[in-house]
Structures are given as C-alpha cells and as structure tokens.
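Asker: With the input below, show me the fold.
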Amino acid sequence: MSTTGTEAAIRTALHEALTAYHATSSAEADHALAVYSCSLAAHVVLRHDPHAVALVIVEGDSPNWLSTRGVIGADGTVRPLTDDEDEDVEDADAVHNLVDGNAAAWRPLCSRFDRRYGVYHLDLEKARDAGTALLAK
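Answerer: Numbering: from 1, shown residues only. The predicted structure is shown next:
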C-alpha cells in the first residue's frame, strides 16, 4: 500500500478524531470522525482508480452497519471493488465510523442516497476535499 502524504495525514487525523470521540463523545469529534472517514475512503479508492467518481455504501441489518458494495466509474457503470480496493478500504476502517448519529456530516458528501433501500453513493471528490479542508482548519 503506497499512500500520498495527504492520505497519511487524513489517516492520522481520523485516528485522532476517533480517540477524541471516545474520550469526549462531543459533536465536534463525531463530525470530524465522519468527515475524515469519508475522506480516507475516497483517498483509498482514488489511489486505486483515479477515474472513479463514487463509492457505493449500503446499510446492513441496521442503519448503523454500513459496508462497501462497489465503485462507480466516470461513465456511470458500477463495478465491484477489486480485492486490493476492498482490502485497503477495510484496513482503513473508515466506513464503519459512518452511523446515523453523524449522518449530518457524511450524507451531504453523497451524490445520491436512497434511504428506503439504504444505498449511498459517496462522492469521492467531495469526500476527499472535505477531509483536506478540515485538515487545513
């Protein structure tokens, strides 16, 4: 796994936000946790496929149990994650931090979502940039 400097900084910020959230349960830490989680997932997918535009995230048995389902390419087609993408997204442990409690932070980063079926399209550019902007604050 070769990462960029920004991806590494987002990964560090995510771990710091997770630690802060566990210590304080503050809304600010929860917001940062959601934004950095989305940003890290975006960085990972874009590192593998620079032409990808969205990550498909689906709810499991509960709205607080999300997993990745696929990647949407520039032409709009959905494909499954490659083994390397799936492994790297899972290792980043980012999607598991997205829950109903911090949805106000991460759902605006989705280009589309269907609440009825629990399917979200995380806009990779928007998510990547949101994490970078939060780092700059």
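Asker: So which residues of this structure form helices?
Answerer: Taking DSSP state H, the helices of the chain run over residues 5-24, 27-48, 83-92, 103-106, 124-136.
Asker: could you dump those helices to CSV with mean neighbour count, mean pLDDT and distance to Ile57?
Answerer: Bear in mind the C-beta positions are built from the backbone N, C-alpha and C, glycine included. Shown next, in CSV, are these (neighbours: other C-beta atoms under 10 Å; pLDDT from 0 to 100; distance: least, C-beta to C-beta, whole Å):
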stretch, mean neighbour count, mean pLDDT, distance to Ile57
helix 5-24, 16, 95, 16
helix 27-48, 24, 96, 8
helix 83-92, 16, 90, 10
helix 103-106, 19, 95, 9
helix 124-136, 18, 97, 11
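Asker: Can you add distance to Ile72 and give the ones you listed back as CSV?
Answerer: Compiled in CSV, the helices of the chain are given as follows (distance: least, C-beta to C-beta, whole Å):
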stretch, distance to Ile72
helix 5-24, 20
helix 27-48, 10
helix 83-92, 13
helix 103-106, 17
helix 124-136, 9
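Asker: looking at those helices, which is closest to Asn64?
Answerer: Taking C-beta to C-beta, helix 103-106 is the member of the helices of the chain nearest to Asn64, at 9.8 Å.
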